[in-house]
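Chemist: with the input below, show me the fold.
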Amino acid sequence: MVEKDGSPFPVGTARRECTKSEVAGLQPWECHCCRPPEKGTIPESSDQGCSGGSPGCLWVSVSTVSSFCFIPGVSRNMTGKDVPASGHVLGVRSLGQGLEVTLLPWLAWTVQQGECTGTCGQEMPRWQLDPMLFPWDALGSRRTSKKPCSRGRELGVGKAPGDLSSPLLSPQTDCANYVRVLHPYNRTHLLACGTGAFHPMCTFIYVGHRGEHTFSLDPARVETGRGRCPHEPSRAFASTVIGGELYSGLTADFLGRDAGVFRSMGTRSALRTEVDQRLLNDPKFVAAHLIPDNDDWDNDKAYFFFTEKVVEADSKEHAIFSRVGRVCVNDAGGQRVLVNKWSTFNKARLVCSVPGPGGIDTYFDELEDVFLLRTKDGKSPEIYALFSTVSHVFQGSAVCVYRMADIREVFNGPFAHRESPQHRWGAYEGRVPYPRPGVCPSKTTNQPRQQYSSTKDFPDEVLHFARAHPLMYKAVHPRHRRPLLVKTDLPHRLRQLVVDRVEAEDGHHDILFLGTDAGSVLKVVVTQKTSSAMTEEVILEELQVFKMPVSITQMEISVKRQTLYVGSSLAMAQVRLHQCESYGTACAECCLARDPYCAWDGTACTHYQPSGKRRHRRQDARHSNPEGMKPHSGHGGSVEEKVLYGAEENSTFLECVPRSPQASVQWFVQRPPDEQRDEVKTDERILQTEHGLLFRKLHRHDAGIYYCKTLEHGFTQTVARISLEVIASEQLAHTFPRGRGDGLPHLLCPKPRLAPQAPKTWFKDIMHLISSQNLRQVEEYCAHLWCSSRSHHRKSKLAQAKLVLAGVDVAKKGRTAKAHSERNRVPRQAPAT
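Modeler: Numbers count the residues shown, from 1 in each chain. Predicted coordinates for the structure are as follows:
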């Protein structure tokens with residue numbers, strides 16, 4: 001709701017100054033709207049105006065999160081295929097005056113704070129954001145205390161998960177309305193829920209029909225979010241909207257102990273799981289999805305993926321198991337047993353392990369993320385799950401793929417049973433009542449003499465059995481009973497996963513995008529080896545999306561727009577799925593990259609189009625056979641040539657980074673007048689790194705022409721040619737004689753009269769990278785070059801001024817002068833002179 005004059009504040013807003021009594025009675029985290037900001041202004045942080053006794057507006061207690069970022073051109077012409085499976089919100093700006101609604105329709109996800117960013121983490125200009133503000137005081141009338149988040153202390157719960165006396169929580173950051181739920185509810189509205197400073201609240205946001213640029217919130221429709229949204233901003237949960245009803249897995253109480261699967265909203269009565277550790281034991285929900293069984297809507301089921309604690313009979317310690325649970329969408333609870341409780345809830349273990357010798361497997365039990373690769377019929381999606389280890393000794397991650405046929409087979413199999421917690425689990429061998437617990441009331445469960453139109457019609461015997469046997473005996477194993485991808489040598493942990501299935505010349509390939517806790521995204525293709533269940537993974541790219549090493553919290557993919565959206569606590573970024581031009585300008589380089597997105601079209605490495613009719617198109621993502629590429633390689637691409645000068649007895653680095661991560665690098669040197677190229681031998685003085693060749697101490701005989709060659713699948717090519725010139729120490733000593741005593745001679749350039757004090761020479765900032773020997777001569781040499789460049793700059797300025805006074809047009813010479821001065825330009829970090 002906005003004013004008629006376009007102001008982003010509702011009609012009737014009090015535009016007045018705060019009184020002294022109001023200011024004195026407010027805590028730092030309790031600022032409210034006494035004086036709305038000027039029209040069109042956006043505060044820089046939630047703390048703006050909330051300190052120094054002058055509180056500003058806190059229309060929505062957003063703290064450092066919970067806003068939306070609109071990228072121009074992204075939200076238009078969006079179809080249902082682009083609707084993400086997850087419905088969480090992306091908070092990208094820090095606001096205290098309200099909720100910044102520059103919304104990216106249907107593409108939103110969870111982060112915590114930051115700035116709106118564009119491609120590859122580059123900040124977007126402020127004028128491109130097209131912001132709107134609307135008020136949403138999620139606390140509303142509940143703010144009856146001067147400390148709205150002090151409920152934990154009032155209850156005396158000590159160090160409970162929601163208690164602000166815990167050092168992990170603070171009123172300034174946690175007492176806010178963190179928007180955690182954002183789902184498309186219908187064609188014109190979004191469902192949004194926020195933590196509301198530990199009082200969850202939900203509301204509907206009107207976004208209009210396609211083509212309308214509107215975004216408004218109805219304050220009259222704000223209602224409680226208990227059982228729909230977690231109390232804490234950092235607590236894991238999962239939710240999805242099915243048929244106008246919200247299905248969520250979360251902890252519903254302030255203390256974080258009442259965990260369950262909930263169904264709310266809609267016209268039917270709310271349902272939840274019983275508070276029973278046999279059903280859920282300290283779960284961490286990861287994902288929730290609707291997966292239909294067949295064409296009969298009565299058989300639709302909601303699947304929840306989570307981890308929980310398990311205590312085995314032969315162990316006193318808790319283990320972590322990953323689970324998949326499901327409930328029927330048409331579940332109505334029982335009539336006398338399980339009233340307003342789920343009567344069809346079942347769960348099974350998800351196993352992701354590497355087979356080992358002697359039948360001892362290595363398990364990955366911590367479920368991190370789940371992605372559904374949908375099929376055309378929607379009934380049998382492939383489930384990609386990202387796991388990590390829970391051991392402190394062995395750290396690793398794995399991706400396992402599950403088929404819906406295997407999951408349904410486990411749920412149709414035997415139930416797990418044990419007499420007591422001291423007994424081991426076994427398969428239940430007794431009589432299973434009819435209808436089978438866990439099935440949905442539909443045409444398949446009806447018999448001529450027994451009609452079950454609702455779960456309320458189920459016999460009490462069925463409901464009692466369902467309550468006592470929620471766990472299935474068999475576990476769900478991945479395809480080929482082994483992980484698709486295992487990574488144990490990464491310096492960071494994998495957190496997020498999305499998958500894209502790409503059509504190529506040799507069939508389809510699944511491209512995995514893996515988000516890390518260091519702000520990078522790994523682009524991996526997994527190929528199946530011939531006549532074997534073994535796979536081969538190829539890391540195509542590693543994109544450092546964010547400049548800061550921040551954990552990636554959410555990723556969404558738009559196949560239609562060929563874009564990957566990445567969210568973190570600092571920012572949001574959009575990244576192209578393919579960058580074919582970065583693989584070089586030769587056919588061999590393009591094909592050896594093994595990127596299914598790219599192909600050689602005869603002239604360049606471009607995006608592969610399955611429907612394209614170009615001739616001479618080459619691609620080999622599965623085998624990358626170089627023999628078939630040589631006749632089409634052209635000139636083999638351009639070779640980078642450089643001339644590098646190094647001082648004797650000092651360190652020097654020759655840079656060479658191969659275009660393909662799978663290529664191995666070899667260095668060769670040619671010392672004139674010999675035309676033979678010898679392989680560079682590495683030792684303690686000469687080191688080969690993944691980025692080039694490092695000389696820790698340069699000798700005279702190191703001078704020569706160095707060739708950097710890459711080898712991949714038997715194909716060799718030269719990617720860099722560096723001519724290394726060594727400056728002898730005697731030449732430095734002769735050019736710059738020592739001054740009196742042990743001190744350095746006067747190195748500073750002579751100052752012109754009435755000139756300001758000269759800044760520190762820029763090269764001294766990198767002198768610590770050079771060895772201590774001959775440091776004085778090197779500094780003198782650099783100072784000489786520095787003073788010469790400054791003198792030349794002053795002379796050129798003076799000459800240009802004389803030409804201007806003489807009436808000569810110097811604009812025509814601007815381009816030549818600029819190109820000439822680029823060689824002696826001051827680095828960006830140095831102050832301009």
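Chemist: could you use CA atoms for every contact and neighbour count after this?
Modeler: Will do.
Chemist: domain ranges for this protein, per the record?
Modeler: 1-226, 236-489, 491-553, 640-727, 738-824 (automatic domain parsing).
Chemist: R408 falls within a helix, correct?
Modeler: Yes. Using DSSP: H, G, I helix; E, B strand; the rest coil, the assignment for R408 is a helix.
Chemist: can you tell me which of the domains of the chain has the worst average pLDDT?
Modeler: Lowest mean pLDDT within the domains of the chain: domain 1-226, a mean of 48.
Chemist: strands of the stretch 551-700 of the chain, start to end?
Modeler: 552-558, 563-568, 571-576, 598-600, 605-607, 640-647, 652-655, 664-670, 678-679, 686-689, 692-695 (DSSP state E, counting those that start in this stretch).
Chemist: closest one to A192 among those strands?
Modeler: Checking those against A192 by CA to CA gives strand 552-558 as the closest, at 17.5 Å.
Chemist: quick one: strands adjacent to the closest one?
Modeler: Using DSSP bridges, strand 552-558 pairs in its sheet with strand 563-568 (antiparallel).
Chemist: picking that back up, got JSON lines for the strands of the stretch 551-700 of the chain, with mean neighbour count too?
Modeler: Conversion of the strands of the stretch 551-700 of the chain to JSON lines gives the following (neighbours: other CA atoms under 10 Å):
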{"stretch": "strand 552-558", "mean neighbour count": "24"}
{"stretch": "strand 563-568", "mean neighbour count": "24"}
{"stretch": "strand 571-576", "mean neighbour count": "23"}
{"stretch": "strand 598-600", "mean neighbour count": "25"}
{"stretch": "strand 605-607", "mean neighbour count": "21"}
{"stretch": "strand 640-647", "mean neighbour count": "15"}
{"stretch": "strand 652-655", "mean neighbour count": "18"}
{"stretch": "strand 664-670", "mean neighbour count": "19"}
{"stretch": "strand 678-679", "mean neighbour count": "12"}
{"stretch": "strand 686-689", "mean neighbour count": "16"}
{"stretch": "strand 692-695", "mean neighbour count": "19"}
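Chemist: now the ones you listed as CSV including distance to Y303?
Modeler: Converted to CSV, the strands of the stretch 551-700 of the chain look like this (distance: least, CA to CA, whole Å):
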stretch, distance to Y303
strand 552-558, 20
strand 563-568, 25
strand 571-576, 29
strand 598-600, 36
strand 605-607, 36
strand 640-647, 54
strand 652-655, 51
strand 664-670, 45
strand 678-679, 59
strand 686-689, 47
strand 692-695, 49
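Chemist: out of the ones you listed, which comes closest to E730?
Modeler: Closest among the strands of the stretch 551-700 of the chain, once you apply CA to CA, is strand 640-647, at 10.5 Å.
Chemist: neighbouring contacts of that closest one?
Modeler: For strand 640-647, contacts defined as CA atoms under 8 Å, 6 or more residues apart in numbering pick out 652, 698, 719-729, 778.
Chemist: nearest to Q688, of these?
Modeler: Nearest to Q688 among the contacts of strand 640-647: T652, at 12.1 Å, using CA to CA.
Chemist: for the nearest residue to the closest one once chain neighbours are set aside, what are its contacts?
Modeler: Nearest in space to T652, with sequence neighbours left out and distances taken as CA to CA, 6 or more residues apart in numbering, is F695 at 5.1 Å. For F695, the contacting residues are 651-653, 685-687, by CA under 8 Å, 6+ apart.
Chemist: distance to G430 for those - can I get that in JSON lines?
Modeler: Output for these, formatted as JSON lines (distance: CA to CA, whole Å):
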{"residue": "S651", "distance to G430": "77"}
{"residue": "T652", "distance to G430": "77"}
{"residue": "F653", "distance to G430": "74"}
{"residue": "R685", "distance to G430": "74"}
{"residue": "I686", "distance to G430": "73"}
{"residue": "L687", "distance to G430": "69"}
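Chemist: what about the nearest residue to L290 once chain neighbours are set aside, how many neighbours?
Modeler: Leaving aside its sequence neighbours, L290 sits nearest to A302 (CA to CA, 6+ apart; 4.6 Å). A count of neighbours around A302, defined by other CA atoms under 10 Å, yields 20.
Chemist: cool, D460 as well?
Modeler: 16.
Chemist: what about the residue nearest to it when sequence neighbours are not counted, how many residues nearby?
Modeler: Counting by CA to CA, 6+ apart, V337 is the residue found nearest to D460 once chain neighbours are left out, at 6.4 Å. By other CA under 10 Å, the residues close to V337 number 18.
Chemist: again with the one 3 residues further on
Modeler: Other residues within reach of N340, judged by other CA under 10 Å, total 18.
Chemist: equivalent analysis for D361, please.
Modeler: 12.
Chemist: quick one, strands of the stretch 251-400 of the chain?
Modeler: Taking DSSP E, counting those that start in this stretch to define them, one finds strands in the stretch 251-400 of the chain at 259-264, 271-272, 284-291, 301-311, 318-328, 346-350, 353-354, 362-363, 366-373, 382-388, 397-403.
Chemist: state the distance from the residue nearest to P478 when sequence neighbours are not counted to H480.
Modeler: Using CA to CA, 6+ apart and skipping residues adjacent in sequence, the residue nearest P478 is Y402, 4.7 Å away. Distance of Y402 to H480, given as CA to CA, to the nearest Å: 9 Å.
Chemist: ok, now which ones touch the residue nearest to V401 when sequence neighbours are not counted?
Modeler: Nearest residue to V401, sequence neighbours excluded (CA to CA, 6+ apart): Y384, at 4.6 Å. Neighbour list for Y384: 370-373, 399-402, 499 [criterion: CA under 8 Å, 6+ apart].
Chemist: give me the distance between the residue nearest to P478 and L732.
Modeler: Distance of Y402 to L732, given as CA to CA: 68 Å.
Chemist: the more surrounded of the two?
Modeler: The residue with more neighbours, out of Y402 and L732, is Y402; 23 against 19, by other CA under 10 Å.
Chemist: thinking the more buried one is in contact with L373, fair?
Modeler: No. Counting by CA atoms under 8 Å, Y402 stays clear of L373, with 10.6 Å between them.
Chemist: so what's in contact with these two at the same time?
Modeler: Listed as contacting both Y402 and L373 by CA under 8 Å, 6+ apart are 382-384.
Chemist: of these, just say which sits nearest to P549.
Modeler: Y384 (25.7 Å).
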